[in-house]
Structure formats: C-alpha cells, structure tokens
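1. I would like to see how this sequence folds:
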Amino acid sequence: MSKALFDLVQRPRRLRQDSNFRDMLRETSLSKDNLIYPMFVTAKPNTKHAIQTMPGIYQWSLDRIDEEIQELLTVGIKKLILFGIPEEKDAVGSDAISDQGIIQQTLRKLKSEYPELMLITDVCMCEYTDHGHCGILSDHDVDNDQTLNYLQKQAISHAQAGADMIAPSGMMDGMVGAIRDGLDDHDFPQIPIMSYAVKYASAYYGPFRDAAESAPQFGDRKTYQMDPANRREALREAELDIEQGADIIMVKPALAYLDIISLIKESTTLPVACYNVSGEYSMIKAAAEKGWINGTDVMMETLLSMKRAGADIILSYFAKEAAKHL
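-> Coordinates of the predicted model:
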C-alpha cells in the first residue's frame, strides 16, 4: 500500500463509526410536529371507503371518523388538513360555502370533541363542482375573479365552523388577498393562511383525484397551475402571496420539486411547507408491496429529504405511519 494513503489527515469516516457519533452530528431531523395528515371526509353515512390507488387511505364518514382520529392521536399526530366529498355537486360548488357543508359539519364535530387537534382546511372548488375544475367556469375556463368571491366565502364559513388555519389550493390570482380581507372583515384576523403558493400542474396528483373525486371532466388545469419546467416563476408566485398576507408558503408536489423547496426556503423568512402528494405516496407503496424496496426505509428517507431541502412542514399521507417510527 502506498505511503500516500497512510498520510491521510482528513478521514470523514471517523465521525460515522457508531450511532453515538452519527446521532450527535446529524444535520437534519424529522419530528411528528413537522407532519400534517390529509383526511378525506364524505357525506355518505357509515363509510370507510378504501382508495384503491392509495393503499391505507380512506374516505371517512362523520359517523365513523372517530376511528381514524383515535388512531392518529395514539401515534401523536394532531394536525389534519381536511378535504370534503359532498353528497351532491353542482356548477358552482354550493356545498363548499354552505353552513351545512361536509367540511363545516366536520369542523364543528372535531373541534367540539377533539379540542387538541389543529384543523386545517383545503379551500378550493374542485371537490365540490360537477365539472371538477377549481373555480367557476366561463367559456370552458375558470373565471379567476368570480372564483375569488367563492373562495372568500368558503374560507369565512370554515373559520366560522372552527378551522384553525386556511389553506387555499386553487392557484387563483389574488386568492390570498381575497381570503385575508374576508377573514379580517369577519373578525378572524388570528386565522393564518397556508397558501399553496407554488403548485405545479403535475401528473403526480392522479390518485388524489380518486380520493377526492375531483378529476376535471374536460381539459386540464394548466391554465392556472404552474408549468413543471418553470423555476423562477415559483419565486414570483411566492412573492405575490407573501405580499397579499400569506403566513406559510407551500410547494406542491414535493419529491420531484426539492430544488423548488430549497429555492423558496432561501428566498423568504416565512415558514415553508411542502405537500408529499398522492402519486409520490402510491409509488412507494406499490414498490414496497412488490418487495422491490423496503417501504419503511424509503418512506422515512423521502420525508427526510423534504425536510433537508428546507421544508418546515410536510403534508403527507405517510404521517400516521411515519409517526410510529419517530
């Protein structure tokens, strides 16, 4: 062996030799406190409906939702984001703004029975409209400014029913400002907004559309969601939402957009969230079921990568499962 090898001074392996060293020097850590669990609530009674494209994820009815809540609390997950599947849909998503809408009913029940929960609501029209688009249509496209009125009403109704935080996801221009004005005008200045500020028109959303029954009935969402090729546009979208009063900035999806998470983290002092979306979840689940990967290890490494990229908060269908390993 050459003398040069024996003259090495820098040996990074010295600090990896056992778990005490590795634990002491770990740069990134993941906590249950970083995780938000998405839940789908259906207006159908007595329902625990398995989502075939998302193993382990269900639509829950109000009369059975306690089963899931109890399991979440047992593993230490207390932060939820709620998505509603109404009994009936129409062109303007009437259930979204109804005092008796499925999310409004869910908020009142959970806030009354589980005060320790943090309840976040998705504010968008796609789950409630019969056409599946994220707003009110005009000439087969979403009318941005008309949709803002509905998003404002939806957010106010959620706050009135007990929401702790509002998360608008429709990618409408001006949505954060409209919602902030509405909340403030109705005496909810304390309710923060976690904006889906940087949301790409991604193919990774497919399984979610099964879970939320929200697939567009024609066309796509490329006129309002971002082009996956664009990076600088993410900065512009985030800046606009910050100017309008966003409290937290979200990037969606997460795994294929780690560079965007890092970019946003470096550009703002606001907390940064990311959404570990349905396609990312289902790919890992499918590969694990076939025995191609160690599902638990890949799950934890994936979540850690998002935290390492700069996410302070991770919305993930893995939250309940991951919590058992934290």
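2. which non-adjacent residue is nearest residue 254?
-> residue 274 (3.9 Å; Cβ to Cβ, 6 or more residues apart in numbering). Every residue, glycine included, has its C-beta placed from N, CA and C.
3. now do the SS call for the one you found.
-> Put simply, residue 274 is strand when judged by DSSP: H, G, I helix; E, B strand; the rest coil.
4. residue numbering should commence at 10 henceforth.
-> Fine by me, first position is 10 from now on; the one you just mentioned is residue 283.
5. what's across from it in the sheet?
-> On the basis of DSSP bridges, residue 283 is bridged to residue 260, residue 323.
6. check which helix or strand covers residue 270.
-> Element membership of residue 270 [criterion: DSSP states H and E] is helix 267-276.
7. what ranges do the strands span in the stretch 110-259 of the chain?
-> Per DSSP state E, counting those that start in this stretch, the stretch 110-259 of the chain carries strands over the ranges 127-132, 146-147, 150-151, 174-177, 203-208, 257-261.
8. give me the sheet partners of the third one and which way each runs.
-> Right, strand 150-151. strand 146-147 (antiparallel).
9. now for the nearest residue to residue 335 once chain neighbours are set aside: which residues touch it?
-> Computed as Cβ to Cβ, 6+ apart, the closest residue to residue 335 that is not its neighbour in sequence is residue 41, at 5.3 Å. Taking Cβ atoms under 8 Å, 6 or more residues apart in numbering as the criterion, residue 41 is in contact with 84, 85, 86, 332, 335.
10. residue 274: which of those residues is nearest?
-> residue 335 (21.8 Å; Cβ to Cβ).
11. what about the residue nearest to residue 263, distance to residue 209?
-> To residue 209, residue 283 is 12 Å away according to Cβ to Cβ, to the nearest Å.
12. which one of the two has more residues nearby?
-> Higher neighbour count among residue 283 and residue 209: residue 283, with 30 against 25, using other Cβ atoms under 10 Å.
13. right, and the more buried one touches residue 261 too?
-> Yes. In this structure residue 283 lies within contact range of residue 261 using Cβ atoms under 8 Å: 6.8 Å.
14. give me the number of residues near the closest residue to residue 276 other than its chain neighbours?
-> Sequence neighbours aside, residue 244 is the residue nearest to residue 276 in space, at 5.7 Å (criterion: Cβ to Cβ, 6+ apart). Residue 244: 17 surrounding residues under other Cβ under 10 Å.
15. ok, now residue 299?
-> Under the criterion other Cβ under 10 Å, the count of neighbours that residue 299 has is 8.
16. where along the stretch 60-209 of the chain do the helices fall?
-> For the stretch 60-209 of the chain, the helices defined by DSSP state H, counting those that start in this stretch cover 74-84, 111-122, 153-170, 184-194.
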